[in-house]
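Participant: sequence first, then the predicted structure:
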Amino acid sequence: MVLALGGMLLAGCSNSGDAGHRTGPSASSAVTSPAAQRGTAGPATRFTVDPARVPTTPSAALGLVRAVTAGPDSYGPGYVKRPPYESDPAAWPALGTDCVWRQEPLPGDVLATFTRHSRLPAAGSKGEVRAAATVTLHRTAAQADQEMAETLEEALRCPDQQLRATERISGLNSIGSGYGTNGDTSADDCLIEMGTYDDPALGKGSTYYLWDQVRLGPVTIAVVVEGGKGFAQGDLLTVQARAVAGMETKVRTELGARK
């Protein structure tokens, strides 16, 4: 499986420095990156948070992230809820030294985090697509920035990861970008991860794994898309970018400085 992390994708979301960068395989065809897609449709001005509008208590923060987190309607026609639809807001996913994901208590720098799971059921020759959206509110923008850096480091440390009992991702490549560089015209920071996804429940063989994460001030937004035999990589990137852009708009509306 060829993963288009080079070419236009590389230009769409690349780090201003070299830290956390993995060199991906060359693209066989140009694919517009999530960052470039969001930048084209999104606002051209940098987000400015209004500190007075940012929740400071866990309960208020949970209300915000629940209001922002994308559900099935955010991806396109045909998407439905995937059980368990909503995450436990007291749990935090952590990647162990053995490259296995586990649930841990919420870290002290996080006010609230929330995830919703969706899927596009298999139909005809097309396989099932799985998607999940996560929104996290940190106490400070610096702490949110640290989460972005740690996410980049995870792909370097563990290019092969165990997600759940039967679900694995492998061959991860990641790349990140700050605002105003390489197509990122909407978020303070963005990062992309790509690899292959395997789950016996989806049938034999590997499918695409796509992770897109952005930061707006103290808020991080992430959308993962998994699977979908018969779907072009560009189609999945478009679905992913649509959901991220919708959540970005909500964060701007809820927390942005009023003019």
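Facilitator: Happy to help now that I have it. No experiment lies behind these values; they were computed from the predicted model shown. Numbers count the residues shown, from 1 in each chain.
Participant: what bits of the stretch 101-250 of the chain have low per-residue confidence?
Facilitator: Within the stretch 101-250 of the chain, the segments meeting pLDDT under 70 span 179-183, 202-204.
Participant: in stretch 159-175, what's buried?
Facilitator: 159, 161, 162, 163, 167, 168, 169, 171, 172, 173, 174, 175 (16 or more other C-beta atoms under 10 Å). Where C-beta positions appear, they are placed from N, C-alpha and C, glycine not excepted.
Participant: one more: stretch 232-244?
Facilitator: For stretch 232-244, by 16+ other C-beta under 10 Å, it's 233, 235, 236, 237, 238, 239, 240, 241, 242, 243, 244.
Participant: in TSV: these, plus secondary structure and distance to residue 59.
Facilitator: Shown next, in TSV, are the buried residues of stretch 232-244 (DSSP: H, G, I helix; E, B strand; the rest coil; distance: C-beta to C-beta, whole Å):
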residue	secondary structure	distance to residue 59
233	helix	40
235	helix	39
236	helix	35
237	helix	35
238	helix	36
239	helix	32
240	helix	30
241	helix	31
242	helix	30
243	helix	26
244	helix	26
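Participant: and which of the residues you listed is nearest residue 139?
Facilitator: Nearest to residue 139 among these is residue 244, at 22.8 Å by C-beta to C-beta.
Participant: filter the buried residues of stretch 159-175 down to just the ones in strands.
Facilitator: Of the buried residues of stretch 159-175, the ones assigned to strands by DSSP state E are 161, 162, 168, 169, 171, 172, 173, 174, 175.
Participant: and the pLDDT at the residue nearest to the second one when sequence neighbours are not counted?
Facilitator: Spelled out, it's residue 162. Among residues not flanking residue 162 along the chain, residue 100 sits closest, at 4.4 Å (C-beta to C-beta, 6 or more residues apart in numbering). Residue 100 carries a pLDDT value of 97.
Participant: now residue 100: how far from residue 160?
Facilitator: 10 Å (C-beta to C-beta, to the nearest Å).
Participant: repeat that for residue 64.
Facilitator: Here residue 64 is placed at a distance of 34 Å from residue 160 (C-beta to C-beta).
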